[in-house]
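[1] Kindly return the folded structure for what I paste below:
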Amino acid sequence: FYVNDASLVGDEYATAIGDNANSGKDAAHPMASLTALLRAYDLNPGDVVYVDSGSYRHYTNAVLYTQDSGVTIRGPVELGDLATINRGNANTGQFTVQFYGADDVTIEHLSITGARTGVLFTAGTDSDRNTLRTNELHNAVDYGIDINTGNDNNRVLGNLVRNNGTGLYLYSNSGNRIEDNEIRNNDGDGAYYYSTTNGTFSNNKVHDNRSRGLYTYGATALQVIGNEIYNQSSQGIFNYYGTALFEGNLLHHNATAFEGYQGGTVHANWIYANTTGVTGYDLTVDANRIYSNSVGIVDTGYSRITNNIVYANTNQGIRLQGGHTVADGDGLFNNTVLQLVGEGIRLTSSATSVVMQNNLVRVDAGYGVNVDSNSQSGLVSNYNLLHRGPAANAYIGLWNAATQADLAAWRAASSRDAQSSTGNPLLL
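    Below is the predicted model:
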């Protein structure tokens, strides 16, 4: 099937201009719009609709029903050629492309714009296993892509999603894969997940969105892996509740790289050049490299922070606040903290029942460990390596607002770290 506008300039498929009086069944007789073709035919699995170079103004939604399952809709593929489908109507209920029960559809190489939502997977219509690939989705008022409840195992691959209200929105669905996209310059969030299960958000480049790069709420078994997320004026990633895994991402040049509350694992990421690296409550923060931020990690309570390399943050390496539960494994374990100036580890704001064990802390100017008087209760600190550099203003710690220059003074003042040691860790 063939669709063409009123010009042959840049065409790759059709040999004549489009006309809705044509059959659309061969290159010499293309129709003039995708919506007219979808209304005229019951498309079958394996059918391909070729949409040629040009600009197409649609006056109704392009709706894909159950009977359209298995079709491929393909725009031009040569460099510089473009097929733009413009809904031209941003009122409520106006969508450029609307899935309404279709499965196994592929839409590729199109520019989709000018609607309330660019591509809508209608709630409760069970549109599954569809693919959006190498499209440009832009200038939709609400969402570039909205995959709503009950639409599962769809794939969004290699698209440019830009200048929408929110780039992508996924609500109460399962198994959707968002991979290898560039998501930028959206007025709200780059991508927003709400109460999803078993999804993947991977290898995307997410940047310069006005709000957050990625927001996840109540996501179960979501894997956020291998993305580069940068230049958000608020959070690169914001996670609330759920069991999402955030692994192997590059998070840089955001106000806050990662903020999370009550769930989520932050593992093996590179987090640098943000104002705050990681902040949150009841998190697992493990095996990350966190450096060149103002503050590396802020634990506002009940988090487990392990095996991280935290260095060259300009004010604080790790700051702990609020309560902790020893029996749950909360605390700091096996971290390496290099603080060139400032505070390596700070306990403040009633950071009670904190456990600090097997950490390596080196400070070249400032305090290795600073414990406020309201944060001494229940503190267990031992088996650490605590080292101060040669500068006169480098101290092992601050306890009861008094400087403790070396480990012996720290032990005497705090009654902690009996089995800890001191010495240059010879960090490279």
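[2] pLDDT weak spots in the stretch 201-350 of the chain?
    Applying pLDDT under 70 to the stretch 201-350 of the chain picks out no residues at all.
[3] Can you list the residue ranges for helices in it?
    Ranges of helices within the stretch 201-350 of the chain: none, based on DSSP state H, counting those that start in this stretch.
[4] do the same with the stretch 1-150 of the chain
    34-40.
[5] any low-confidence regions in it?
    Scanning the stretch 1-150 of the chain for pLDDT under 70 picks out no residues.
[6] And for the nearest residue to residue 93 once chain neighbours are set aside, the neighbour number?
    Leaving aside its chain neighbours, residue 93 sits nearest to residue 116 (6.9 Å; criterion: CB to CB, 6 or more residues apart in numbering). Yep, even glycine has a C-beta here, placed from its N, CA and C like the rest. By other CB atoms under 10 Å, 21 other residues sit near residue 116.
[7] With residue 348 instead?
    17.
[8] Please apply the same query to residue 102.
    When counting by other CB under 10 Å, one arrives at 24 neighbours for residue 102.
[9] Tell me the bridge partners for residue 387.
    Beta-bridge partners for residue 387, by DSSP bridges, are residue 362.
[10] Check the gap between residue 419 and residue 170 for me.
    In this structure, residue 419 and residue 170 are 49 Å apart, going by CB to CB, to the nearest Å.
[11] what about those two, which has more around it?
    A side-by-side neighbour count of residue 419 and residue 170, using other CB under 10 Å, places residue 170 first with 29 against 8.
[12] C-terminal to the helix or strand hosting that one, which secondary structure element comes first?
    Take DSSP states H and E as the rule and residue 170 turns out to sit in strand 166-171. For strand 166-171, the following helix or strand on the C-terminal side (DSSP H and E) is strand 177-179.
[13] neighbouring strands for that following strand, and are they parallel or not?
    strand 155-157 (parallel), strand 200-202 (parallel).
[14] ok, and what's touching the first one?
    Outside strand 155-157, the residues within contact range by CB atoms under 8 Å, 6 or more residues apart in numbering are 129-134, 145, 147, 168, 176-181.
[15] Also the last one?
    The set of residues that contact strand 200-202 without belonging to it, under CB under 8 Å, 6+ apart, is 176-180, 191, 193, 214, 222-227.
[16] List only buried entries from the contacts of strand 155-157.
    129-130, 132-134, 145, 147, 168, 176-181 (16 or more other CB atoms under 10 Å).
[17] and which of the residues you listed is nearest residue 11?
    Set against residue 11, the nearest of the buried ones among the contacts of strand 155-157 by CB to CB is residue 134 (18.8 Å).
[18] residues contacting the nearest residue to residue 268 once chain neighbours are set aside?
    Using CB to CB, 6+ apart and skipping the chain neighbours, the partner closest in space to residue 268 is residue 287 (4.8 Å). Residue 287 is in contact with 267-268, 306-308, counting by CB under 8 Å, 6+ apart.
[19] same check, this time on residue 138
    Contacts for residue 138 (CB under 8 Å, 6+ apart) come out as 111-113, 118, 144, 160-164.
[20] just to revisit the earlier point, my guess is the residue nearest to residue 93 contacts residue 139, does it?
    No - taking contacts as CB atoms under 8 Å, residue 116 lies outside contact range of residue 139: 11.1 Å.
[21] Switch the strands paired with strand 177-179 over to CSV; also include mean neighbour count.
    CSV is the format used below for those (neighbours: other CB atoms under 10 Å):
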stretch, mean neighbour count
strand 155-157, 21
strand 200-202, 22
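[22] closest one to residue 424 among these?
    With CB to CB as the criterion, residue 424 lies closest to strand 200-202 of these, at 40.4 Å.
[23] quick one: the closest one to chain centroid distance?
    Between the centre of strand 200-202 and the centre of its host chain there is 8 Å, according to CA atoms, centre = their mean, to the nearest Å.
[24] Stretch 215-224 too?
    Mean-position distance between stretch 215-224 and its chain equals 10 Å (CA atoms, centre = their mean).
[25] contacts for that stretch?
    189, 191-202, 214, 235, 237-247, 249, 264.
[26] how many other residues sit next to the nearest residue to residue 302 once chain neighbours are set aside?
    Spatial nearest neighbour of residue 302, chain neighbours left out: residue 282 (4.4 Å); criterion: CB to CB, 6+ apart. Using other CB under 10 Å, residue 282 has 21 other residues around it.
[27] Look up how far residue 223 lies from the spatially closest residue to residue 262 that is not a sequence neighbour.
    Spatial nearest neighbour of residue 262, excluding adjacent residues (CB to CB, 6+ apart): residue 282 at 4.7 Å. The spacing between residue 282 and residue 223, counted by CB to CB, is 20 Å.
[28] Then residue 298?
    When CB to CB is applied, the distance between residue 298 and residue 223 equals 25 Å.
[29] quick one, what contacts residue 394?
    Counting by CB under 8 Å, 6+ apart, residue 394 touches 363-366, 388.
[30] would you turn those into JSON lines with pLDDT, distance to residue 33 and neighbour count?
    Formatted as JSON lines, those follow (pLDDT from 0 to 100; distance: CB to CB, whole Å; neighbours: other CB atoms under 10 Å):
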{"residue": "363", "pLDDT": "98", "distance to residue 33": "68", "neighbour count": "29"}
{"residue": "364", "pLDDT": "97", "distance to residue 33": "67", "neighbour count": "18"}
{"residue": "365", "pLDDT": "97", "distance to residue 33": "68", "neighbour count": "15"}
{"residue": "366", "pLDDT": "98", "distance to residue 33": "67", "neighbour count": "22"}
{"residue": "388", "pLDDT": "96", "distance to residue 33": "73", "neighbour count": "26"}
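[31] just those residues now: which is nearest residue 348?
    Nearest to residue 348 among these, with distances taken as CB to CB, is residue 366, at 14.8 Å.
[32] quick one, which of residue 298 and residue 223 is more surrounded?
    Neighbour tally, residue 298 and residue 223, criterion other CB under 10 Å: the higher count belongs to residue 298, 20 against 17.
[33] Leaving out the residues flanking it, which one is nearest to the more buried one?
    Leaving out its chain neighbours, the residue that sits closest to residue 298 by CB to CB, 6+ apart is residue 279, at 3.9 Å.
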